[in-house]
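Participant: Return a 3D structure for these sequence lines:
(one chain, ligands or ions: 1)
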Amino acid sequence: MNYLEIINRRRSVYTLTDRLPISENELVGIVEETVVATPSPFNVQSGRAVILLGEQHKLLWDGIVYDTLKAIVPEGAFENTAAKLSGFAAGAGTILFLEDQDAVDGLKERFPTYAAAFDGFAAHALGMIEVNVWNALAEQGIGANLQHYNPLIDDMVKSRWGIPASWTLASEMVFGGIARPAGPIEKLPASERVRVIR
Ligand SMILES: Cc1cc2nc3c(=O)[nH]c(=O)nc-3n(C[C@H](O)[C@H](O)[C@H](O)COP(=O)(O)O)c2cc1C
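Facilitator: Below you'll find the predicted structure:
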């Protein structure tokens, strides 16, 4: 599969199973290699990932996110929310993507001229990690979707898994075997989004 085939294979897949086509250790290796390979501004390498597998993954969705939302979502709307969360829990794992704020702050001190831009740059770099991981999982036939229950869950996540105070949660990528592939999606034609000037 060439690169364009892989990035076209990547979709938001919401109906997942806990059965992966590769071993957990292989998946961990792919995520590690992808995080390290992805570029960052001034090579700051502020992106972090925490991989939750098996019961730890289920605890995130059936425990932390469920309890957090149950306390704030109106009674009538919670049934839908709960169904969505149990769909995430049915996957094989979740990758938490985080930003090490200490690293970004260090960059601001080293390069004060660009200080105002670094939060944005760091977010771009973390987005690059996210999409590189998403593509790498797609290449293996692993389905994934990207969630953002932060900052609601930040404190519970940090205390449950001993995550350093300076790491700020940015997103949660749920992954697993593909029970139902993504449906068709409408896209603007490239001609509306890409201009060629020669
Ligand atoms: C930066 C970013 C944030 C997203 N946040 C969410 C999210 O919070 N919840 C969700 O279900 N999907 C989220 N998505 C998935 C998008 O809705 C999805 O990628 C888009 O509709 C295109 O569909 P595709 O991923 O199947 O190509 C996010 C995607 C991106 C790139």
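Participant: Tell me where this protein has strands.
Facilitator: Secondary structure of the chain by DSSP state E: the strands cover 15-17, 47-53, 93-100, 143-147, 167-180.
Participant: Out of the ones you listed, which is closest to the ligand?
Facilitator: strand 143-147 (4.5 Å; C-beta to the nearest ligand atom). (Glycine included, C-beta is placed from N, CA and C.)
Participant: okay, the angle between that closest one and strand 93-100?
Facilitator: 40 degrees (axes from the mean of the first three to the mean of the last three C-alpha atoms, to 10 degrees).
Participant: and for strand 143-147, what are the contacting residues?
Facilitator: Here strand 143-147 makes contact (C-beta atoms under 8 Å, 6 or more residues apart in numbering) with 10-16, 88, 91, 130, 134, 137-138, 171-179, 181.
Participant: out of these, who's near the ligand?
Facilitator: Among those, the residues lying close to the ligand (C-beta under 6 Å from any ligand atom) are 11, 12.
Participant: Return a ChimeraX selection command for the buried portion of the contacts of strand 143-147.
Facilitator: Provided next is the ChimeraX selection string for whichever of the contacts of strand 143-147 are buried by 16 or more other C-beta atoms under 10 Å:
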select :10,11,13,14,15,16,88,91,130,134,137,138,171,172,173,174,175,176,177,178
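Participant: In the chain, which helix is the longest?
Facilitator: Assignment by DSSP state H gives helix 118-139 as the longest helix of the chain.
Participant: Dump the strands of the chain into JSON lines; add mean pLDDT as well.
Facilitator: Formatted as JSON lines, the strands of the chain follow (pLDDT from 0 to 100):
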{"stretch": "strand 15-17", "mean pLDDT": "98"}
{"stretch": "strand 47-53", "mean pLDDT": "98"}
{"stretch": "strand 93-100", "mean pLDDT": "98"}
{"stretch": "strand 143-147", "mean pLDDT": "98"}
{"stretch": "strand 167-180", "mean pLDDT": "98"}
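Participant: Make JSON lines out of those and add distance to residue 111.
Facilitator: What follows is the strands of the chain, written out as JSON lines (distance: least, C-beta to C-beta, whole Å):
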{"stretch": "strand 15-17", "distance to residue 111": "41"}
{"stretch": "strand 47-53", "distance to residue 111": "18"}
{"stretch": "strand 93-100", "distance to residue 111": "17"}
{"stretch": "strand 143-147", "distance to residue 111": "30"}
{"stretch": "strand 167-180", "distance to residue 111": "20"}
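Participant: Figure out which of these is closest to residue 190.
Facilitator: Closest to residue 190 of the strands of the chain, according to C-beta to C-beta: strand 143-147, at 23.1 Å.
Participant: quick one: is the closest one near the ligand?
Facilitator: Yes: counting by C-beta under 6 Å from any ligand atom, the ligand is contacted by strand 143-147 at 145, 146, 147.
Participant: which of those tops the neighbour count?
Facilitator: Among the residues of strand 143-147 next to the ligand, residue 145 has the most neighbours (other C-beta atoms under 10 Å), with 20 neighbours.
Participant: what bridges to that one?
Facilitator: Residue 145 forms beta bridges with residue 174, as assigned by DSSP bridges.
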